[in-house]
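Trainee: pasting a predicted model and its sequence here:
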Amino acid sequence: MTKEQRGKYMAGVVLPKMREVFRTFNGEKYPAIGCGTCHGKEARARGFEMPNPEIMPLPATQEEWGKVMQEKPDVLKFMGETVKPEMAKLLGVPEYAPQNPQPGALGCTACHTSKKE
């Protein structure tokens, strides 16, 4: 797709579906889902590039992951079991799985930076 086609697809297909997904999960926390929710406040200036340094960076250590798992188990489950597979489906790419990594698969680092970086 051209950049213009991608923009139209994101606005017309991905955004409405993911708006529904996030509102179903927690409409109070996510009342207004827009391009900036995933791409950041400066999305247009950054060319909508991902990953987005404004959203939570992924932990670098098992200890940090354990803390996040204790503090936000519902969010991790939502991201892993709903957001990641739905985005992979919408983008027409395989979902990343560590036991069967595939080129071009969509994983957490498609959206999130990592503290390892």
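Mentor: Cool, the structure landed. Residues are numbered from 1 along each chain as shown.

Trainee: ok, and what's touching the helix-or-strand element of the chain with minimal mean pLDDT?
Mentor: Across the helices and strands of the chain, mean pLDDT, DSSP states H and E gives its lowest value to helix 35-39, namely a mean of 90. With contacts defined as Cβ atoms under 8 Å, 6 or more residues apart in numbering, helix 35-39 is touched by 10-11, 15, 18, 22, 30, 43-44, 46, 48-50, 52, 55, 111. Heads up, the C-betas are built off the backbone N, CA and C, glycines and all.

Trainee: same thing but 7 Å
Mentor: 15, 43, 48, 50, 52, 111 (Cβ atoms under 7 Å, 6 or more residues apart in numbering).

Trainee: what do you get for stretch 96-103?
Mentor: So stretch 96-103 is contacted by 94, 105, 106, 107 (Cβ under 7 Å, 6+ apart).

Trainee: show me the longest helix that occurs in this protein.
Mentor: helix 15-26 (DSSP state H).

Trainee: mind exporting it as CSV, just the C-alpha atoms?
Mentor: Extracted C-alpha coordinates of helix 15-26, given in CSV (Å, rounded to 0.1, in the frame of the first residue of the first chain):
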residue,chain,number,x,y,z
LEU,A,15,-9.0,2.7,14.2
PRO,A,16,-12.7,1.9,14.4
LYS,A,17,-12.1,-1.8,15.3
MET,A,18,-9.4,-1.0,17.9
ARG,A,19,-11.5,1.8,19.3
GLU,A,20,-14.2,-0.8,20.0
VAL,A,21,-11.7,-3.3,21.4
PHE,A,22,-10.2,-0.7,23.9
ARG,A,23,-13.6,0.7,24.9
THR,A,24,-14.9,-2.8,25.6
PHE,A,25,-11.9,-3.5,27.8
ASN,A,26,-12.1,-0.3,29.7
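
Trainee: how far does it sit from the chain's center?
Mentor: Once both centres are worked out by Cα atoms, centre = their mean, to the nearest Å, helix 15-26 turns out to sit 12 Å from its chain's centre.
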